[in-house]
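1. Return atomic coordinates for the entry below.
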Amino acid sequence: MSLYQTIYASSSSSMFGKDELMQMLAKSRESNAKKGITGILLYKDGNFMQVIEGEEVEVNKLLEKISADPRHKRILRLHSRRIKKREFTDWSMAFRDLDDLDLHKYPGYSDFLNMPLDSPAFEEDSSLVHKLIANFVRINR
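-> Next up is the predicted model:
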């Protein structure tokens with residue numbers, strides 16, 4: 001099986017409340033588990049950043065579905081690549097609402113984690129996407 005990973009950012013068409021985020025996440029986890037999709041979803045200030053990994057066809061189908069979802073706007077595919085192994089093996093879809101975190105209290109805090117998820121900097125330099133995700137995973141292990 002050839003594994004593929006895509007990272008995208010989008011803005012929500014309206015702000016999500018906690019209940020709405022949790023409902024969306026529960027449906028996503030169930031659907032993703034059936035399709036062999038793993039990844040992580042970050043939410044902050046009405047913006048999403050998500051890593052999706054799995055078989056290339058399934059990853060692309062999911063991104064098409066997300067692109068057609070009226071809850072999302074300004075979807076930017078930041079980075080796509082073939083991978084040898086999953087980075088989020090045990091997570092059908094990890095989630096963190098970065099609005100709820102007092103990030104400065106975490107060891108290794110970097111103000112970089114407060115960059116808006118729809119920042120043009122991510123589109124201009126895809127290595128920043130990996131840095132954001134790596135910092136998030138390191139802090140939350």
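2. Let me know how buried Thr72 is, in neighbour terms.
-> Careful, residue 72 is His and not Thr. Neighbours of His72 under the rule other C-beta atoms under 10 Å: 16. (C-beta placed from N, C-alpha, C; glycine too.)
3. quick one: buried residues of the lengthiest helix in the chain?
-> Of all the segments of type helix in the chain, defined by DSSP state H, the longest one is helix 18-35. Neighbour-count burial for helix 18-35, counted by 16 or more other C-beta atoms under 10 Å, picks out Leu21, Met24, Leu25, Ser28, Arg29, Asn32.
4. State the next helix or strand along the chain beyond it.
-> Toward the C-terminus, helix 18-35 is succeeded by strand 38-44 as the next helix or strand (DSSP states H and E).
5. Which helix or which strand is home to the nearest residue to Thr6 once chain neighbours are set aside?
-> In this structure, Thr6 finds its nearest non-sequential neighbour in Ser80, 4.5 Å apart by C-beta to C-beta, 6 or more residues apart in numbering. For Ser80, the enclosing helix or strand under DSSP H and E is strand 72-83.
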